[in-house]
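Undergrad: Structure for this input, please:
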Amino acid sequence: PPTDRPASEPPTADAGSPASKSGTPTAGPPANRSEPPTADAGPPAQRSAAPTAGAGRVAGAAARPGATGAPGRASQLAWATATIALVGVGSVRAAGWLFVLCLLAAVATATLAVTGGRTPIGMLAAAMLPPVAAFRALPWARRGLAGRRPDGSGLSRVLASVAVSVALLVPFGLLFSSADAIFADLLADLLPDISPGGVVGWTFRFLLIGGWLLGGAYLLTRPPDLDLRAAPARPVHRLEWALPLALLDALFAVFVLVQLTVLFGGSGHVLRTAGLSYAQYARSGFWQLLAVSALTLLVLAGAARWAPRDTRADRLLIRVLLGALTLLSLVVVASALYRMNVYAQAYGATRLRLVVATVELWLGLLFVLVGVAAIRLRAGWLPRLVLATAVLALLGLAVADPDRLIAERNVDRYLETGRLDVGYLAGLSADAAPVLDRLPEPLRSCALRDIALELPDDGVRTWNLGRARARDLLRAEPARATVTSCPDPHRW
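TA: Numbering: from 1, shown residues only. Below you'll find the model as predicted:
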């Protein structure tokens, strides 16, 4: 304290003197200071810089909590598990179209597993990061291989390790291959093709997958801050949003009353009333109802963003109007699913009809989640859950085995009505082979002949469960290739 200092001692820098403001150190130890001396005996410049850097690190960590995922590592682990499950579909199901959908979804989940992103804007930004990160990671990887040494000794050690590994594996691999034919076949399946076309293909795969993995490693070491949020919206007047939404609720209510007549009265009542044929009723309205479901989600999102919530009356009004619209939308989803079911019963199941029905079920689940968010007046958890439910719907479709499900539906329909589109069933993947085996001859051979011709000889890297089952089935009872009495393809 100033009262404890001798009169002859000049004020020190910690007393708020001009010297402390200018950063100039003062001479002489402080007298009668109550705190114990610290162990830092370095220059004053170093003593003043260290706390500043530490404070900056603490402030930076506090400003970016959970930048790689929320909360903590749990989100990253969940997205990584989903990525492995989606990619693993290719080893279980033989349907190529299903694996393409799962692979596209795996790109999105893998990006979120590496970068995080909790808000809609953050998720969109995360989707654009991998291509950029792959190029940004090149100088980072070069410095890492060089070991941050100007002589590049780190890179030389890596190359030396690779050379020694090749020198050891090649002679021993050749000796083991010549000693056992089974080991030689296994090694041939594992090694890439050495032909010109194979070299080009493997080079492309190496560059694509290697660049993606390198960008992911770069993002893990330098996680971006993707907690991006839109600017707060200016709430509109109560009349500006409540009246249009109330009128929309009324329109939905009228439509729902008509649809309840359809759901409980059956399609025959509607056909007699509207004067439509069975085919016209089965086709009409489904795509419009699907568009209505998607547009309703946008209306709900806009109302949740711009509706005022200051007073208790505002909060009650938004809960009632959005909750009613959500419940009425569920009836619209049920009506669309009913029409698709009627369509499939009349004309058979196809991949497009099954995928569209799955999308409708997912939209119904979204309406339930939106209703919960409207009641709670909190939707921060909704964007991540929307993507998570989409991934679960796709995985559920893979578990259901769509091509086999389509074949079962059509075979059961044939046993009841005698109508069958053999040409469409022959175009299904090997997953449908166990069901098509139930058909009587010559329909069985007509449906399985093309599948048998397209079955490849899978190796270790390309093994697939669906193709393996079909191969065993056709090996036990092959499809007759000389069948000439196959019916003409006709799609009911």
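
Undergrad: so where's this structure uncertain?
TA: 1-72, 117-119, 145-155, 192-193, 225-236, 261-287, 289, 304, 379-380, 481-492 (pLDDT under 70).

Undergrad: domain assignment for it?
TA: By the assignment in the TED database, the chain contains the domains 73-136+202-229, 238-400, 404-485.

Undergrad: Quick one: closest of the ones you listed to residue 178.
TA: domain 404-485 (19.7 Å; CB to CB). All C-beta atoms are positioned from the backbone trio N, CA, C, and that covers glycine.

Undergrad: all helices of the stretch 201-350 of the chain, in order?
TA: For the stretch 201-350 of the chain, the helices defined by DSSP state H, counting those that start in this stretch occupy 238-265, 267-274, 278-283, 286-306, 312-347.

Undergrad: Out of the ones you listed, which is closest to residue 449?
TA: Short answer: helix 312-347, nearest of the helices of the stretch 201-350 of the chain by CB to CB, at 23.9 Å.

Undergrad: Report the buried residues of the closest one.
TA: Residues 314, 317-319, 321-340, 342-344, 346-347 are the ones in helix 312-347 that count as buried (16 or more other CB atoms under 10 Å).

Undergrad: Show me what that helix is packed against.
TA: Under the contact criterion of 3 or more CB pairs under 8 Å, 6 or more residues apart in numbering; DSSP states H and E, helix 312-347 touches helix 238-265, helix 278-283, helix 286-306, helix 351-376.

Undergrad: Please identify the deepest-packed of the ones you listed.
TA: helix 351-376 (a mean of 18; mean count of other CB atoms under 10 Å).

Undergrad: Mind listing residues that contact stretch 470-481?
TA: Contact with stretch 470-481 is made by 94, 430-431, 433-434, 437, 441-442, 444-445, 448-449, 451-452, 455, as judged by CB atoms under 8 Å, 6 or more residues apart in numbering.

Undergrad: List just the nearest of the residues you listed to residue 254.
TA: Looking across those and measuring by CB to CB, the closest to residue 254 is residue 431, at 43.7 Å.

Undergrad: Please look at residue 137 and residue 218 and confirm they touch.
TA: Yes: using CB atoms under 8 Å, residue 137 is in contact with residue 218, at 3.5 Å.

Undergrad: Not counting its neighbours along the chain, what's nearest residue 394?
TA: Closest residue to residue 394 apart from its sequence neighbours, by CB to CB, 6 or more residues apart in numbering: residue 105 at 5.5 Å.

Undergrad: Dump the one helix or strand that neighbour maps to to CSV, keeping only the CA atoms.
TA: According to DSSP states H and E, residue 105 maps onto helix 96-115. Listed next in CSV are the C-alpha coordinates belonging to helix 96-115 (Å, rounded to 0.1, in the frame of the first residue of the first chain):
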residue,chain,number,x,y,z
GLY,A,96,-27.1,-50.4,-56.1
TRP,A,97,-29.6,-47.5,-55.9
LEU,A,98,-29.9,-48.0,-52.2
PHE,A,99,-26.1,-47.9,-51.7
VAL,A,100,-25.9,-44.7,-53.7
LEU,A,101,-28.4,-43.0,-51.4
CYS,A,102,-26.6,-44.3,-48.3
LEU,A,103,-23.2,-43.1,-49.7
LEU,A,104,-24.5,-39.6,-50.3
ALA,A,105,-25.9,-39.5,-46.8
ALA,A,106,-22.6,-40.8,-45.4
VAL,A,107,-20.8,-37.9,-46.9
ALA,A,108,-23.0,-35.5,-45.0
THR,A,109,-22.8,-37.4,-41.7
ALA,A,110,-19.0,-37.8,-42.0
THR,A,111,-18.7,-34.1,-42.6
LEU,A,112,-20.7,-33.4,-39.4
ALA,A,113,-18.6,-35.9,-37.5
VAL,A,114,-15.4,-34.0,-38.3
THR,A,115,-16.6,-30.4,-38.4
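
Undergrad: now the angle between helix 351-376 and that helix, please.
TA: 30 degrees (axes from the mean of the first three to the mean of the last three CA atoms, to 10 degrees).

Undergrad: Please point out which parts of helix 96-115 sit buried.
TA: So, applying 16+ other CB under 10 Å, buried residues of helix 96-115: 98-99, 101-102, 105-106, 108-115.
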